[in-house]
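> The sequence and its predicted three-dimensional model are supplied below.
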Amino acid sequence: MSVPAGKELLGAWLAGLELELVEAQWERLDAFLDELRKTADRVNLTADLDEEAWWRRHLADGLAAVGPLRRRLGTAPSILDLGAGAGFVGVALKIAWPEATVSLLESSYRKFQFLNSAAARLGVKGLRVLWRRAGAPSPAESFDAVLARAVAPLPDAVRLAVPLARPGGLFVAWQTSRPAPAEPALVKACAATGARFEEALPYRLPGEERERCLAIFRREEPA
């Protein structure tokens, strides 16, 4: 596919989100997918090899979070994409939001290698790749927001992600349906990590009628 094809798939949808990309950003998104296309021919990076879906579903998921995060985090936040996989969410968010610092955390070495290579080729400042298993002991570093898409069931994702957010920071999870805040497992996970469920923000991907949501949690400040 190409930049014109990407614009055709996402342009009107992005306008509805009040998000506008300049030509250089479209070109970087296309360059990232070109790297993915070349590598996916020989390395298993994603089960979805439909290039239209890479634009319409996977990159779009990352772009859908830009507005909500900007409104909550301010100008130049630090963001961690937990279990980044092929990098769709974190890379799309970074390209659309140049002021943010985005870290891609991935435990698979082959995916880590791809992400490292792709990040170097994109030449985008403030995009880095970390090779580490989610939940493994980590350096004393925290983030303004931690993101998780298809990493684990929501209660487990809360336990993995929230400790990596700074006090007062956010955890954002992509969900195919609205979470139930009173679900016992989720209540226990929030209590164990000091997380508070804030909001489920609905959105639709381009061309879809089914509603998805961003589940937003905040790590409580120390008493």
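That came through, no problem. Just so it is clear, the structure is predicted and the values come from calculations on it, not from any experiment.
> Now Phe197: closest residue in space, sequence neighbours ignored.
Excluding its sequence neighbours, the residue lying closest to Phe197 (Cβ to Cβ, 6 or more residues apart in numbering) is Pro181, at 4.5 Å. For glycine as for every other residue, the C-beta is placed from the backbone atoms N, C-alpha and C.
> so how far is Ala189 from that neighbour?
Counting by Cβ to Cβ, to the nearest Å, the gap from Pro181 to Ala189 is 11 Å.
> Compare neighbour counts for these two and give me the winner.
Using other Cβ atoms under 10 Å as the criterion, Pro181 and Ala189 rank with Ala189 on top: 21 against 14.
> quick one, what contacts the more buried one?
154-156, 158-159, 195 (Cβ atoms under 8 Å, 6 or more residues apart in numbering).
> from the residues you listed, which ones fall inside helices?
Of the contacts of Ala189, the ones assigned to helices by DSSP state H are 154-156, 158-159.
> farthest-separated two in these?
Comparing all pairs in those by Cβ to Cβ, the longest separation belongs to Leu154 and Arg159, at 9.9 Å.
> Grab the most central residue of the chain for me.
Residue closest to the average C-alpha location in the chain (Cα atoms, centre = their mean): Val89, at 3.6 Å.
> Alpha carbons of the strand or helix carrying that one, as CSV, please.
Here Val89 sits within helix 88-96, counting by DSSP states H and E. Written as CSV, here are the backbone C-alpha positions of helix 88-96 (Å, rounded to 0.1, in the frame of the first residue of the first chain):
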residue,chain,number,x,y,z
PHE,A,88,1.9,-0.6,15.7
VAL,A,89,0.5,1.3,18.7
GLY,A,90,3.6,2.9,20.1
VAL,A,91,5.1,3.8,16.7
ALA,A,92,1.8,5.3,15.4
LEU,A,93,1.4,7.3,18.6
LYS,A,94,5.0,8.6,18.5
ILE,A,95,4.8,9.7,14.9
ALA,A,96,1.5,11.5,15.5
